[in-house]
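Asker: Sequence and predicted structure are below.
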Amino acid sequence: MATIALILAAGSGVRLGSPLAKQYLRLGGIPLLRHSVERFLAHPAIESVRVVIRGDDRSDYDAATTGLTLLSPVTGGTTRQESARLGLESLAGEAPTCVLIHDAARPFPGAALVDRLLAALVHVPGAIAGVPLRDTLKRECDGMVAATVPREGLWRAQTPQAFRYAAILAAHRQAAGRDDLTDDAAVLEAAGGAVQLVAADDANLKVTDAGDLALAERWWRGGGEMRVGSGFDVHRLGPGTGLHLCGVWLPGDRTLIGHSDADVALHALTDAMLGAIGAGDIGVHFPPSDPRWRGAPSRLFVAHAAALLRTQRAELVNLDLTIICERPKVAPHRAAMVAALADLLAIPRGRISVKATTTEGLGFAGRGEGIAAQAVVSVRLGDAP
Ligand code: MG
């Protein structure tokens with residue numbers, strides 16, 4: 001079943017005291033939107049992700065999603081319902097079997113929750129995340145309690161909401177022009193489709209005001225457990241026209257030899273990031289035997305490791321890279337390398353160090369037979385899940 005995640009980020013209202021729309025504010029140093037985007041990208045059942053944005057926000061969107069491989073964004077409408085419909089219409093070419101619709105204001109949709117939602121679609125055309133009401137409900141009139149409302153059977157509806165694509169698209173087309181349907185489940189209900197409730201966890205919180213953002217920040221920071229990861233890699237040098245280091249192309253008469261683009265620095269960095277969360281090594285995630293990675297840009301490997309970190313609410317605090325070679329000289333490219341890494345990892349440049357050393361002419365690096373790179377990263381773990 002091909003599944004695409006559609007993330008709604010077309011709202012313009014709440015600004016929480018910033019010129020940025022809420023979905024682009026930073027949570028743990030990362031734009032709010034990027035949190036959920038990365039979680040869906042990292043989920044094995046989800047093929048691709050598309051974000052519905054406001055046209056005016058295009059540059060904020062580009063900055064928030066740098067380094068990620070997404071379907072191109074589409075522009076939403078004036079209401080949430082219209083934005084969802086336009087997003088669904090835009091997927092007609094992809095024709096997914098299932099679609100997950102999610103609000104960018106919820107940064108922490110859990111992978112297990114997504115699994116349960118998609119499993120439900122085997123039996124019903126719609127399934128939504130929700131939480132049974134725990135508080136007693138009162139109806140108010142002039143500041144006084146007018147009545148106590150029975151809460152039995154009442155749930156708070158959340159996102160993600162999962163649907164069979166054809167069913168939700170048809171329901172949205174039928175409901176176009178109405179403006180009283182506040183979520184996509186209501187659109188399917190209006191068309192007579194069955195919707196299953198799937199219990200979400202407390203972590204699936206929604207950021208609507210500054211208090212929520214502070215709460216989400218505390219969730220993200222978690223207990224503050226620190227981890228360190230290290231990575232080391234070597235690639236052979238051969239005749240060529242230049243080589244990649246830290247994602248930057250350095251022209252010259254030598255190249256690095258390898259299955260991918262052989263960016264030895266990004267390979268060491270990927271291993272360090274995976275090591276910090278005990279997630280194996282680059283060979284496990286990107287086997288050299290897999291033809292998909294032939295000539296692949298190594299930033300894909302780093303982006304994958306970054307997504308894995310974020311699914312564990314692990315924040316990359318800093319990284320320190322050492323490149324070991326006689327040639328090329330790294331110093332003239334250092335600033336470009338730091339900028340490329342900052343872009344790729346969406347963290348400030350001040351948390352990134354790129355250093356170079358020679359081996360005084362000794363060993364393979366000294367003889368110019370290859371380049372080695374060593375990376376150390378520190379990571380702060382958030383709370384589970
Ligand atoms: Mg390598």
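Answerer: In hand now; what should we look at? Numbering: from 1, shown residues only.
Asker: Close to the ion: what parts of this structure are there?
Answerer: Residues of the chain lying close to the ion by Cβ under 5 Å from the ion are Asp233, His267. To be clear about C-beta, it is placed using only N, CA and C from the backbone, and glycine gets the same treatment.
Asker: one more time with 6 Å
Answerer: Asp233, His235, Gly258, Val264, His267 (Cβ under 6 Å from the ion).
Asker: so which of those would you say is closest to Arg367?
Answerer: His235 (14.6 Å; Cβ to Cβ).
Asker: Which strand or helix spans that closest one?
Answerer: His235 is part of strand 226-239 when elements are defined by DSSP states H and E.
Asker: Quick check: which element contains the residue in the chain that the ion sits nearest to?
Answerer: Nearest to the ion, among the residues of the chain, is His267, at 3.6 Å (Cβ to the ion). Taking DSSP H and E as the definition, His267 sits inside helix 264-276.
Asker: In terms of secondary structure, what does that helix contact?
Answerer: strand 226-239, strand 242-245, helix 282-285, helix 299-311, strand 314-324, strand 370-381 (3 or more Cβ pairs under 8 Å, 6 or more residues apart in numbering; DSSP states H and E).
Asker: quick revisit: ok, the strand holding His235: who's next to it in the sheet?
Answerer: strand 254-257 (antiparallel), strand 370-381 (antiparallel) (DSSP bridges).
Asker: want to try CSV for those strands, with mean pLDDT as columns?
Answerer: Shown next, in CSV, are the strands paired with strand 226-239 (pLDDT from 0 to 100):
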stretch, mean pLDDT
strand 254-257, 96
strand 370-381, 96
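Asker: that older thread, will you turn the residues of the chain next to the ion into a markdown table that also has neighbour count?
Answerer: Listed next are the residues of the chain next to the ion as a markdown table, based on neighbours: other Cβ atoms under 10 Å:
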| residue | neighbour count |
| --- | --- |
| Asp233 | 23 |
| His235 | 22 |
| Gly258 | 20 |
| Val264 | 28 |
| His267 | 28 |
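Asker: Quick one: mean pLDDT for the helix holding His267?
Answerer: What helix 264-276 shows for mean pLDDT is 97.
Asker: What angle do strand 370-381 and that helix make with each other?
Answerer: 30 degrees (axes from the mean of the first three to the mean of the last three Cα atoms, to 10 degrees).
Asker: Pull helix 264-276 out as CSV, backbone CA atoms only.
Answerer: Only the C-alpha atoms of helix 264-276 are listed here, as CSV (Å, rounded to 0.1, in the frame of the first residue of the first chain):
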residue,chain,number,x,y,z
VAL,A,264,34.8,10.5,3.4
ALA,A,265,33.9,13.3,5.9
LEU,A,266,30.2,12.9,5.6
HIS,A,267,30.6,9.1,6.0
ALA,A,268,32.5,9.6,9.3
LEU,A,269,29.8,12.1,10.4
THR,A,270,27.0,9.6,9.5
ASP,A,271,28.7,6.9,11.5
ALA,A,272,29.1,9.2,14.5
MET,A,273,25.5,10.2,14.4
LEU,A,274,24.3,6.6,14.2
GLY,A,275,26.7,5.7,16.9
ALA,A,276,25.4,8.2,19.3
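Asker: list the contacts for the residue of the chain closest to the ion?
Answerer: Shown in contact with His267 (Cβ atoms under 8 Å, 6 or more residues apart in numbering): Gly231, Asp233, His235, Ser260, Ile282, Ser298, Phe301, Ala373.
Asker: okay, the nearest residue to Arg313 once chain neighbours are set aside: pLDDT?
Answerer: Nearest residue to Arg313, sequence neighbours excluded (Cβ to Cβ, 6 or more residues apart in numbering): Gly382, at 2.8 Å. According to the prediction, Gly382 has pLDDT 74.
Asker: can you tell me which residues contact Gly382?
Answerer: Gly28, Trp219, Trp220, Arg221, Gly222, Gln312, Arg313, Ala314, Glu315.
Asker: Any chance of those residues in TSV with distance to Gln161 and pLDDT as columns?
Answerer: What follows is the contacts of Gly382, written out as TSV (distance: Cβ to Cβ, whole Å; pLDDT from 0 to 100):
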residue	distance to Gln161	pLDDT
Gly28	25	82
Trp219	22	80
Trp220	24	78
Arg221	29	75
Gly222	27	69
Gln312	25	81
Arg313	23	77
Ala314	27	86
Glu315	28	86
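Asker: Among the residues you listed, which one has the most neighbours?
Answerer: Ala314 (24 neighbours; other Cβ atoms under 10 Å).
Asker: show me what contacts that one?
Answerer: By Cβ under 8 Å, 6+ apart, the residues touching Ala314 are Arg227, Ala276, Ile277, Val379, Arg380, Leu381, Gly382.
Asker: ok, and the most crowded of those residues?
Answerer: In the contacts of Ala314, the most neighbours by other Cβ under 10 Å go to Ala276, 26 neighbours.
Asker: Would you mind naming the residues that bridge with the nearest residue to Ala64 once chain neighbours are set aside?
Answerer: Leaving out its chain neighbours, the residue that sits closest to Ala64 by Cβ to Cβ, 6+ apart is Pro31, at 3.7 Å. On the basis of DSSP bridges, Pro31 is bridged to Arg26.
Asker: What about Pro31, how many residues nearby?
Answerer: When neighbours are counted by other Cβ under 10 Å, Pro31 comes out with 23.
Asker: Next up, the contacts around it.
Answerer: Gln23, Tyr24, Leu25, Asp60, Ala63, Ala64, Ala346 are the contacts of Pro31 under Cβ under 8 Å, 6+ apart.
Asker: what's the closest of these to Pro328?
Answerer: Ala346 (27.3 Å).
Asker: mind checking pLDDT for that closest one?
Answerer: Per the predicted model, pLDDT is 84 at Ala346.
Asker: Lowest mean pLDDT among the helices and strands of this structure, which one is it?
Answerer: Averaged element by element with mean pLDDT, DSSP states H and E, the chain has its least confident helix or strand at helix 210-221 (a mean of 85).
Asker: chain center to that one, what's the gap?
Answerer: 18 Å (Cα atoms, centre = their mean, to the nearest Å).
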